[in-house]
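J.: Need coordinates for the following:
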Amino acid sequence: MEKFKIKIAEEFSTKPGGRQIKYGPFSGEAFYKELLEKRFDDAIKTNEKLYIYLDGTGSYGSSFLDESFGQLAREKGRDLVINNIVFVTETFDWIVDYIKKEVWGEK
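T.: Next comes the predicted model:
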């Protein structure tokens, strides 16, 4: 059961922006600060995984992905994040691959 989840298009934006708040709305920094960090921490505290629903947006820029999911790995620990985030998508498999390989450095 998915006790902890984030549906980005419904809870944040259908048009995720760039890296930082100072450069415009719906940034990766805002997503990290407003949703991602707290939900991840809540999931970890109860020994649950966090499910991230990617579908419903136009797309995602690399700066958004690095600032949000990269920052999560940098602050919480790469292995902890890799083992406790589950991406759910029918459209953005390439985004999942990008996050895992380019942002998190998985092989």
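
J.: Show the model's pLDDT score for the nearest residue to Tyr32 once chain neighbours are set aside.
T.: Leaving aside its sequence neighbours, Tyr32 sits nearest to Ser68 (CB to CB, 6 or more residues apart in numbering; 4.5 Å). Where you see a C-beta, it was placed from the backbone N, CA and C, and this is true even at glycine. Model confidence at Ser68, expressed as pLDDT, equals 98.

J.: My read is that Ser68 contacts Glu37, right?
T.: No: when contacts are counted by CB atoms under 8 Å, Ser68 is not listed as touching Glu37 (9.1 Å).

J.: For these two, indicate the residue with more neighbours.
T.: Taking other CB atoms under 10 Å, Ser68 and Glu37 do not tie; Ser68 has more neighbours (27 against 16).

J.: so what's that one up against?
T.: Ser68 sits next to Gly28, Glu29, Phe31, Tyr32, Leu36 when contact means CB atoms under 8 Å, 6 or more residues apart in numbering.
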